[in-house]
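Peer 1: Here is my input; please provide its structure:
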Amino acid sequence: MNYCGDHVVVINSKDIALRGNEWSKRVYFHHNTYHSGDTWTLAWELHQKNKKMIMEKAVYSALRGNLQRRYHMQRLHIYEDDNIPEEILENVSSQIKQLRPIPVRLDHIPQEEIENFPRLVKYPEDYIKR
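Peer 2: Residues are numbered from 1 along each chain as shown. Here you go, the predicted structure:
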């Protein structure tokens, strides 16, 4: 195996998104080579334990299962956030633009912006009775 080729740097792996209810339905398999050593872990549990593991397992399963897969995985660098070591950051030559913006959580939206958001219908005060 030669040392020529690109390395891939992935940042913000803690902010990955899964479609629909995949967090509670998707399962990841691991076996520790002992008898009955197989474990099935839900995606949200795996993400709580290690923020990089879901991205790593997705790339690993997408690569062909040949002798090159191990070397390709060695050239993959995954970071949970924007803190990247300087020796890696100075060698970055190009960047793929992010496909979608990171969604803002509802509790992080300022109250003023919520009140100024255009409404379709203005309900009267006595519309909802508790």
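Peer 1: Quick check: buried residues in the lowest-mean-pLDDT helix or strand in the chain?
Peer 2: Using mean pLDDT, DSSP states H and E, the weakest-scoring helix or strand in the chain turns out to be helix 86-89, at a mean of 89. Using 16 or more other C-beta atoms under 10 Å as the test for burial, helix 86-89 gives no buried residues. C-beta: built from backbone N, CA, C; applies to glycine.
Peer 1: got it, and stretch 5-16?
Peer 2: Buried-residue list, stretch 5-16, by 16+ other C-beta under 10 Å: 9, 11, 13.
Peer 1: Now do the least confident helix or strand of the chain: distance to the chain's middle.
Peer 2: Centroid displacement of helix 86-89 relative to its chain, using C-alpha atoms, centre = their mean, to the nearest Å, is 22 Å.
Peer 1: before we move on, what about stretch 80-96?
Peer 2: For stretch 80-96 - counting by C-alpha atoms, centre = their mean - the centre lies 17 Å from the chain centre.
Peer 1: Over to stretch 117-130?
Peer 2: 38 Å.
Peer 1: follow-up on the earlier one: please flag which of the buried residues of stretch 5-16 sit within strands.
Peer 2: Of those, the ones assigned to strands by DSSP state E are residue 9.
Peer 1: re earlier: can you list contacts of the least confident helix or strand of the chain?
Peer 2: For helix 86-89, contacts defined as C-beta atoms under 8 Å, 6 or more residues apart in numbering pick out 7, 9, 77.
Peer 1: could you pull out the helices for this protein?
Peer 2: 22-25, 43-49, 53-62, 69-74, 86-89, 111-115 (DSSP state H).
Peer 1: Just want the most central residue of this protein.
Peer 2: With distances taken as C-alpha atoms, centre = their mean, residue 16 lies nearest the centre of the chain, 2.2 Å away.
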